[in-house]
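K.L.:
Predicted model, plus sequence, below.
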Amino acid sequence: MAAARRHKRVAAAQPGFLSLKSSVDSNLSIIKRRKRVNKNKKKSWNKFSDIQDVEEFLDDVRLQERATGGLISEKTDESLFFVDIGEKEKKDTKDAQDTQAQTAIKKGKHSKPLRIDLILQPDSHIQAPKNVLAFQQPNAKKQRHKSQRAEKLAAMGVLPRREKLLQLRRAAAASGVSVKEHPVANNNPDRAFYDLWSAGTAETADAYYLEQTKKKLVKRPDRLNEKPSALPAIEVIAPGGSYNPDFFSHQDLLREAHEVEVKKQKAEEKLKRQLAVKDDKATEESIFKEQVEGLIEEEETEPEETEGDAEDTVIGPTATQEKKTEKQRKKEKTERSKELQRKAERQMIDKQQQLFQLRSIQASVKKQEQRTQMRQVRRKAQQEAEKTMPHRLGKLKFQAPEVDVQLSDELASSLRSLKPEGSILKDRFKSLQKRNIIEPRERAKFKRKYKLNYSEKRAFREIE
C-alpha cells in the first residue's frame, strides 16, 4: 500500500504537470488493502500489478491534448490568462467592436460563422493523423534514380535523345529553315482545294507533333509489301484433269502420277534394305576363327636386344648446346642479309617477267570474269526458282499433295456421272503452305495424361 501511494504521488507530482481532474487528488486519500501475492512469477505480474495511477495520468494528458491542443504546462501565459481592464474600458471596447461588426455586416462580411458550422467543427484540438498513402507515388524510387542519372549526365554534357531533338528543332526554327505557317482562313479565295472524298488526310500539323502523338503512321518497309511466293493464289489444274480430257493430255497426267508413285516405292524399298536384318548364322569354322583371333599375335615375341645396343644407349641428361662465338653470329647475320637481298632481286625479276606475260594474264582475267558472270546468272536463276518453291518455315517439311487423276476406265462421259476428286478445304490449306504463308502442320494427336484404371465391381464377379 505504501508503494502504491508513492507511485501515485510521483506521477501526480511530476514537474510542470497540471491536472484537470479532481479525482486524482481524491484517489490519493482512498487507500485499499492490497492482496499479498508472489511477484516472482511472470504470470502474476500483469494480473496483480496496480497501474491505475499510470492510466489516470495518461487519461489526464489525453484530456489536456483534446481540450487545449497540448499540455497546459507547455502553454504560454497569453493563451491561458487575460488582463482585466475594468468595466468602463470593457464597455468602450465593446461599443467599438459593435460598430465595426455593423460596418462589416453592411459590407457583406459575417462577423462570426453560423451555428451549424460551429456544430460540425471537431471538438478535439488534436490534428488528424497524416495519411501516408496520400503522399506516396508509384515507382517513386525508380523515378528518383532516373532523375538523378539525368542530372548526372546533364552535368557531364550528355543529353537525352528527346532533348537533342528539341534543341535541333529550336535551332532550325531560329534559323528560319522550317517555319510553321499559319492556317489559311476559310474565306480566303487563294486557299488550297481540299477534296472531301479523298482517301488521304491533309497533314497541317507539325511533323514532329504528329510523330510524337502517334497520329502519323510509321513508314512501312518495302520488303513487307513483297509477296512471300510468286505462285498464284489459285493454280489452274492440268488439261488432263478435266472431266472430258484430251487423250494425250490425260496420258501426260497419268505419267506424272506414275513417276510420283515410282519415287515413293523406291524410297520405301531403300528404307527396307537399310533396315533389313542379315540372317548370317554362325558356323563352326567362324566360331573357331573368333576364338583363335588374337592368339597368334601374342605368341610372336619381339627380338631380344643385344648387349652392345644396351651399352650404346646414353643414360642421363642430354648434352647442352655450346655457346656461339662472335664470328659465328656475324656469319649468320651476313647470310640472312644475303638471303633477303636474293629474295628482293627475285621479286624484281618476276615483276619484269610479268610484262612479257600480259597476254596470258589478260586471257586468265577474262576467263575469270566469264566464270563470275556465269555464276551470277546461275545464282539469279536459282533465286527465281526459289521464289516458286516452298521454304522451310517450321520443323516439318512441305509434303506435296497427291495428284488428282482418274484412270482411263474411270473417266465419266458426262458431268452428271462425274465423281468428285480431292477436297477444296485441303487444297486451300496446301496452297497456303506452298505459298509460304503458313508453316506445314500435322493434326494434333490426343494424348491422355493419366491412364485409365479398370476395377471389377462386386456385381460383375457375381455374374461369373
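P.N.:
Great, that's in hand.
K.L.:
okay, CA-based contacts and neighbour counts for the rest of this
P.N.:
Fine.
K.L.:
does the most centrally placed residue in the chain count as helix, strand or coil?
P.N.:
Taking C-alpha atoms, centre = their mean, the centroid of the chain lies closest to K142, which sits 18.4 Å from it. At K142 the chain is in helix, as set by DSSP: H, G, I helix; E, B strand; the rest coil.
K.L.:
pLDDT score assigned to it?
P.N.:
Per-residue confidence at K142 stands at 92 (pLDDT).
K.L.:
swap in the one 10 residues further on?
P.N.:
We note a pLDDT of 92 for K152 in this prediction.
K.L.:
element containing it?
P.N.:
helix 140-156 (DSSP states H and E).
K.L.:
List of residues touching that helix?
P.N.:
L159 (C-alpha atoms under 8 Å, 6 or more residues apart in numbering).
K.L.:
now the stretch 101-250 of the chain, which segments are flagged as low pLDDT?
P.N.:
101-110, 176-186, 192-196, 198-205 (pLDDT under 70).
K.L.:
go with 90
P.N.:
In the predicted model of the stretch 101-250 of the chain, residues 101-140, 150, 154, 156-227, 230, 235-245 satisfy pLDDT under 90.
K.L.:
mind listing the helices for it?
P.N.:
Ranges of helices in the stretch 101-250 of the chain, per DSSP state H, counting those that start in this stretch, are 115-120, 140-156, 161-175, 207-212, 247-275.
K.L.:
Tell me which of these sits nearest to R220.
P.N.:
R220 sits nearest to helix 207-212 of all those, at 14.3 Å, using C-alpha to C-alpha.
K.L.:
Can you mark which positions in that closest one are buried?
P.N.:
By 16 or more other C-alpha atoms under 10 Å, helix 207-212 has no buried positions at all.
K.L.:
Spit out the contact partners of the residue lying farthest from the centre of the chain.
P.N.:
Here the chain reaches farthest from its C-alpha mean at K88, the gap being 85.2 Å by C-alpha atoms, centre = their mean. Shown in contact with K88 (C-alpha under 8 Å, 6+ apart): no residues.
K.L.:
any idea of the pLDDT on it?
P.N.:
K88 is assigned 70 on the pLDDT scale.
K.L.:
now swap in the one 5 residues further on and tell me
P.N.:
Per-residue confidence for T93 comes out at a pLDDT of 71.
K.L.:
Just the element for it, please.
P.N.:
Under the criterion of DSSP H and E, T93 resides in helix 87-106.
K.L.:
sorry, back to before: would you mind putting the CA coordinates of the helix holding K152 into PDB?
P.N.:
Taking Å, rounded to 0.1, in the frame of the first residue of the first chain, the C-alpha atoms of helix 140-156 are listed here in PDB:
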ATOM      1  CA  ALA A 140       9.000   6.900 -56.700                       C
ATOM      2  CA  LYS A 141      12.400   5.200 -56.100                       C
ATOM      3  CA  LYS A 142      12.800   4.400 -59.800                       C
ATOM      4  CA  GLN A 143      11.800   7.900 -60.800                       C
ATOM      5  CA  ARG A 144      14.200   9.300 -58.300                       C
ATOM      6  CA  HIS A 145      17.100   7.200 -59.700                       C
ATOM      7  CA  LYS A 146      16.200   8.200 -63.300                       C
ATOM      8  CA  SER A 147      16.200  11.900 -62.400                       C
ATOM      9  CA  GLN A 148      19.500  11.600 -60.500                       C
ATOM     10  CA  ARG A 149      21.000   9.800 -63.600                       C
ATOM     11  CA  ALA A 150      19.700  12.500 -65.900                       C
ATOM     12  CA  GLU A 151      21.200  15.200 -63.700                       C
ATOM     13  CA  LYS A 152      24.500  13.400 -63.700                       C
ATOM     14  CA  LEU A 153      24.500  13.000 -67.500                       C
ATOM     15  CA  ALA A 154      23.500  16.600 -67.900                       C
ATOM     16  CA  ALA A 155      26.400  17.700 -65.700                       C
ATOM     17  CA  MET A 156      28.700  15.600 -68.000                       C
END
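K.L.:
secondary structure class for K451?
P.N.:
Secondary structure assignment for K451 (three-state DSSP): coil.
K.L.:
With the one 3 residues further on instead?
P.N.:
Here Y454 is recorded as coil under three-state DSSP.
K.L.:
how many neighbours does the closest residue to G394 other than its chain neighbours have?
P.N.:
Leaving aside its chain neighbours, G394 sits nearest to E439 (5.7 Å; criterion: C-alpha to C-alpha, 6 or more residues apart in numbering). When neighbours are defined as other C-alpha atoms under 10 Å, E439 has 19 of them.
K.L.:
ok, now which ones touch E439?
P.N.:
392-394, 396, 433.
K.L.:
do you know how far it is from Q433?
P.N.:
6 Å (C-alpha to C-alpha, to the nearest Å).
K.L.:
again, but for T334
P.N.:
Counting by C-alpha to C-alpha, the gap from T334 to Q433 is 75 Å.
K.L.:
Sounds good, over and out.
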